[in-house]
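# build me a structure from this.
(2 chains)
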Amino acid sequence: MPKDFTPKVVTANRLMQGDAVWLTANGYWSSDIHDAEFITDEGTANLRMLGAETQAHLIAGAYLADAAMGDNGPEPTHFREDFRARGPSNYAHGKQVHRVENNV
Amino acid sequence: MYKYNDFDESFVRERVAQFRGQVARRVDGSLTEDEFKPLRLMNGLYLQLHAYMLRVAVPYGTLNSAQMDMLAHLAQTYDKGYGHFTTRQNIQYNWPELSDVPDMLSDLADVGMHAIQTSGNTIRNVTADHFAGAAADEIADPRPVAELLRQWSTDHPEFQFLPRKFKIAITGSPNDRAVTKAHDIGLRMVLRDGAAGYEVIVGGGLGRTPMIGKVITDFLPQTDLLPYVEAIVSVWNRLGRRDNKYKSRIKITVHEHGIDEIRRLVDARFAEIRPSFSGVDQIMLAEIEAQFTSPAFKTADTKGYEAVRLANPAFRSWTDTNLTQHRADGYAIVSISIKKHGATPGDATADQMRVMANLARTYGHDELRISHEQNIILPHVHKSYLPKLYAALRSADLATANIGLASDIIACPGMDYCALATARSIPIAQEIAARFDELKIEHDIGALKIKISGCINACGHHHVGHIGILGLDRAGVENYQITLGGDHTETAAVGERAGPGFNAAEIVPAIERLVLGYMDLRQAPDETFLEAYRRLGVAPFKAILYPQEKANAA
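Next up is the predicted model:
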């Protein structure tokens, strides 16, 4: 029996800035994981990865990351993806800076 | 210090121009990421968790003030105002944008620096004793040979597609501060009948399969060094396991074939290639040596220094921990700690880099070093300057008196930055250092090496820490394993795993318990953690770390 599919998001790093981005349902790359398309079946996941391969002018290193649906959209389920979505813990750098600003 | 000749200058400039073209072709779509990746790695550019990371080589850890000023310029102009000094005596910038990197490399070329072969399956930056040329215990300065090795290995056509990366470390002192026994090749200068030569150690390494290097020859005349090193790399290049990257390093080759067989093969290869070394290497070495002449050391009274030492306890404490004996009378080697309690080990701001550059210019014969322990060294400071130097360091928040103590922790970037990491290292280091500072006991604890890696690749040298911490991912949770009794010096040893790992909330209390327990176990205040461990074995330390198991067993 095939293994159950765990929900995914497509993520990569932006080509020029190198920051983490997530693929949205309408095909653009967002710097907020909450905007990502929440993928619940393997067929869609494979299709989106094929699509991501055509985006080499925008991103590098696309892969599928496990995610769960939260109140504001998809959220990371593993701490590695959580750090990518937030930034490093030793300085207020990376995405957490904008997140704080957005919350103000 | 070595100054680029016309060849070096044009080679590095050409590489910058090539890379500028490669970036442009990646951006305009002519190159795919798969095509571009090996090209960027050849120039030290990684893609990490949050951004690109540029790793700049600091050859054998030596810098002059203009170079340090340039590192500050890069931090300020292209990054977020700081840089991270690494356990390989390099500096890493964590936030550059792709389009800026050619400009960064061009700026580096202006001061005779580059990022070539800081990644990829090549011979990496040759590391050296950070006290080279200054230490009282040194036979001779190993840096001319390190520079010769840099020139030989850079773009060496035979060694651009090695089975895996290859690291060489060199020391000119019997007291090994360069961790030579944990490198693919370790070179230790030794004397025989008054002539300097090298003990050559091969097959050491940390990572997934830690190994202490084995002596392949106990005395190699200096004139044979380059062909002999070439013979070793050549033998491994042929035998090294390209089928399995976990078995590709020379430590596995030596382990699988045995040191005697490797010695036989190296000797045969050496006999084959030795005649092709016509002596040009020795002419080049002589030219390099001429650029590493000793600074013009001054003679001056040090009474003022002694008086300030007596009068100022904070200064005295700093001189007790952060100075090392220099070979010249009246001089000291100054270690500047970039391990302020609670700060990120190895990070320095652009302003701090400029302060250190300026101090090197004013008081330190224009020299700086990066240590593999992630501190900055001013190798040549006359003691009469120390009070002023200390005052300047204090104003720049660089006067932490903790060299060699519990808070002088090596930590890799870990999962805060590194794409390979399985757990974070930096916050653990920050918390341990802050905790020992809070307890005000680190001077009582004495010499202690805590080393933290955020994955099995062991950039944080945890295997050779007196206390090593390895961060792992256990079922989606950060988990930290402790190893005990490691040693990075000439008496190198791989630490022993203490037992089950601790989660992120438990690890700092576990380390505190371990260190307090050691203080109870030691015979006298001057018995170090490592000495106590060697006397008592692992059992009492395990009992301290896992009190519950002890209670259950009772």
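
# give the helix, strand or coil label for the residue nearest to residue A:74 when sequence neighbours are not counted.
Leaving aside its sequence neighbours, residue A:74 sits nearest to residue A:67 (Cβ to Cβ, 6 or more residues apart in numbering or on different chains; 4.3 Å). Just so you know, the C-beta spots here come from the backbone N, C-alpha and C atoms, and that holds for glycine as well. State at residue A:67, reduced to three classes by DSSP: H, G, I helix; E, B strand; the rest coil: strand.

# ok, what's across the strand from residue A:67?
residue A:76 (DSSP bridges).

# how much space separates it from residue B:416?
According to Cβ to Cβ, to the nearest Å, residue A:67 stands 21 Å off from residue B:416.

# what bits of the stretch 401-550 of chain B have low per-residue confidence?
B:549-550 (pLDDT under 70).

# what about the strands in it?
B:410-411, B:450-453, B:467-474, B:477-484, B:496-497, B:502-503 (DSSP state E, counting those that start in this stretch).

# hang on, the earlier thing: now do the residue nearest to residue A:74, the pLDDT please.
Per-residue pLDDT puts residue A:67 at 98.

# most tightly packed of the strands of the stretch 401-550 of chain B?
strand B:410-411 (a mean of 31; mean count of other Cβ atoms under 10 Å in any protein chain shown).

# which other helices and strands contact that one?
Counting contacts by 3 or more Cβ pairs under 8 Å, 6 or more residues apart in numbering or on different chains; DSSP states H and E, strand B:410-411 is packed against helix B:426-439, strand B:450-453.

# picking that back up, the residue nearest to residue A:74 and residue A:76 touch, don't they?
Yes: Residue A:67 lies in contact with residue A:76 (Cβ atoms under 8 Å); the separation is 6.3 Å.

# overlap in contacts, these two.
residue A:33 (Cβ atoms under 8 Å, 6 or more residues apart in numbering or on different chains).

# which of these two has more neighbours?
residue A:67 (27 against 20; other Cβ atoms under 10 Å in any protein chain shown).

# list the contacts of that one.
Residue A:67 touches A:7, A:8, A:9, A:33, A:36, A:38, A:74, A:75, A:76, A:77, A:81, counting by Cβ under 8 Å, 6+ apart.

# let me see the contact set for the last one.
Under the criterion of Cβ under 8 Å, 6+ apart, the contact list for residue A:81 reads A:11, A:33, A:65, A:66, A:67.

# looking at the residues you listed, which two lie furthest apart in space?
Within these, two members stand farthest from each other by Cβ to Cβ: A:33 and A:66, at 11.7 Å.

# shared neighbours, those two?
In contact with both residue A:33 and residue A:66: A:76, A:81, using Cβ under 8 Å, 6+ apart.

# which of those two has more neighbours?
residue A:33 (25 against 15).

# mind pulling up the pLDDT for that one?
Residue A:33 is given a pLDDT of 97.

# before we move on, what about the one 3 residues further on?
Model confidence at residue A:36, expressed as pLDDT, equals 98.

# so which residue of the stretch 301-450 of chain B comes closest to chain A?
Among all residues of the stretch 301-450 of chain B, residue B:416 sits closest to chain A, at 3.8 Å; criterion: Cβ to the nearest Cβ.

# residue contacts, that residue?
With contact set as Cβ under 8 Å, 6+ apart, residue B:416 has these partners: A:83, A:88, A:89, A:90, B:49, B:424, B:425, B:426, B:427.

# dihedrals phi and psi, the closest residue to it other than its chain neighbours?
Nearest non-adjacent residue to residue B:416, counting by Cβ to Cβ, 6+ apart: residue A:88, 3.8 Å away. When quoted as degrees, to the nearest 10, the phi and psi of residue A:88 stand at phi -70, psi 160.

# residue A:88 reaches residue B:421, doesn't it?
No: distance between residue A:88 and residue B:421: 11.2 Å, which falls outside the contact criterion (Cβ under 8 Å).

# more crowded one of these two?
residue B:421 (27 against 23).
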